[in-house]
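S.K.: need coordinates for the following:
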Amino acid sequence: MYVISYNKWFADINYRQELSSQLNLEFSDAGINEVKWQGSGSSFDGLSFQSKGSEMNVLGRWQEFVNDPLYCSLLNNQELIDYSEKIFGYIPGTESLPIGKS
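M.R.: Have a look, this model is predicted:
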């Protein structure tokens, strides 16, 4: 079984190369900028980043919900916060979220 961090996969070519090696695949970043048309593309950006998918702000999308009370209430769970940090590490800027401060 392989656990893959999407955040790290998106941001780090060395990580993608390492995964390819572990999976006994020939590494290629072909298609890295392709946005699939299925489902009308990205749920955030549609097809507007076609041919430049790596320019999407996928690691900062959480910021669109910073002022959403429901979003923040769902995240205001220390166990969830602990798991997030264990899986993804520190995510810059998340300390500004109004969670875990009760």
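S.K.: so the chain: which segments form each domain?
M.R.: 1-56, 58-102 (automatic domain parsing).
S.K.: how far does the longest one sit from the chain's center?
M.R.: To tie it back to what came earlier, the one meant is domain 1-56. Its chain's average C-alpha position is 10 Å from that of domain 1-56, according to C-alpha atoms, centre = their mean, to the nearest Å.
S.K.: and what of stretch 52-71?
M.R.: On C-alpha atoms, centre = their mean, the centre of stretch 52-71 falls 9 Å from that of its chain.
S.K.: and it, what's buried?
M.R.: By 16 or more other C-beta atoms under 10 Å, the buried positions in stretch 52-71 come out as 53, 56, 58-59. Every residue, glycine included, has its C-beta placed from N, CA and C.
S.K.: got the contact list for residue 57?
M.R.: Going by C-beta atoms under 8 Å, 6 or more residues apart in numbering, residue 57 touches no other residue.
S.K.: and residue 44, by the same measure?
M.R.: 56, 58, 61, 64.
S.K.: name the element it belongs to?
M.R.: In this structure, residue 44 sits in neither a helix nor a strand according to DSSP states H and E.
S.K.: number of nearby residues for residue 32?
M.R.: For residue 32, the neighbour count with other C-beta atoms under 10 Å is 12.
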